[in-house]
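S.K.: turn this into a structure:
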Amino acid sequence: MVIITFQDPETQKEALGFLLGRYSGFVLKSGEHIVPESALKALAEQNFVFTVRGHADEKQVAALRSAASASLQRRPRRAKRLAGRSSQ
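M.R.: Residues are numbered from 1 along each chain as shown. Below is the predicted model of the structure:
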């Protein structure tokens, strides 16, 4: 995984639209993006201008994954209805 940034918000928006559904990754509040190395070639082929900040180490990626999964919660199950109830 590699950390990249884009030169302006418009380029960032277009690039994210391109990357969605093709590659997994993370968007940080700082404006940096963590994407797989294979995404760099795809971005370059589409003529997106970006800056590579360096490799993301496994600790950074693991921390992001655990933070994301901890924030997701499942909805509580609803009570099942009894079938065949008749009103008498």
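S.K.: low-confidence stretches in the chain?
M.R.: Counting by pLDDT under 70, the chain shows low-confidence ranges at 63-76, 82-88.
S.K.: show me where it has strands.
M.R.: Listed in chain order, the strands of the chain (DSSP state E) span 2-6, 26-27, 33-35, 50-55.
S.K.: list the contacts of stretch 36-49.
M.R.: Residues from elsewhere that reach stretch 36-49 (Cβ atoms under 8 Å, 6 or more residues apart in numbering): 1-2, 4, 6-7, 11, 14-15, 18-19, 22-25, 50, 52. In short, each C-beta sits where N, CA and C put it, glycine included.
S.K.: please pick the buried ones from the residues you listed.
M.R.: 1-2, 4, 6, 15, 19, 25, 50 (16 or more other Cβ atoms under 10 Å).
S.K.: adding distance to Ala79, write those residues out as CSV.
M.R.: Output for those, formatted as CSV (distance: Cβ to Cβ, whole Å):
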residue, distance to Ala79
Met1, 43
Val2, 48
Ile4, 48
Phe6, 49
Ala15, 46
Leu19, 42
Gly25, 40
Phe50, 51
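S.K.: many thanks, I have nothing further to ask.
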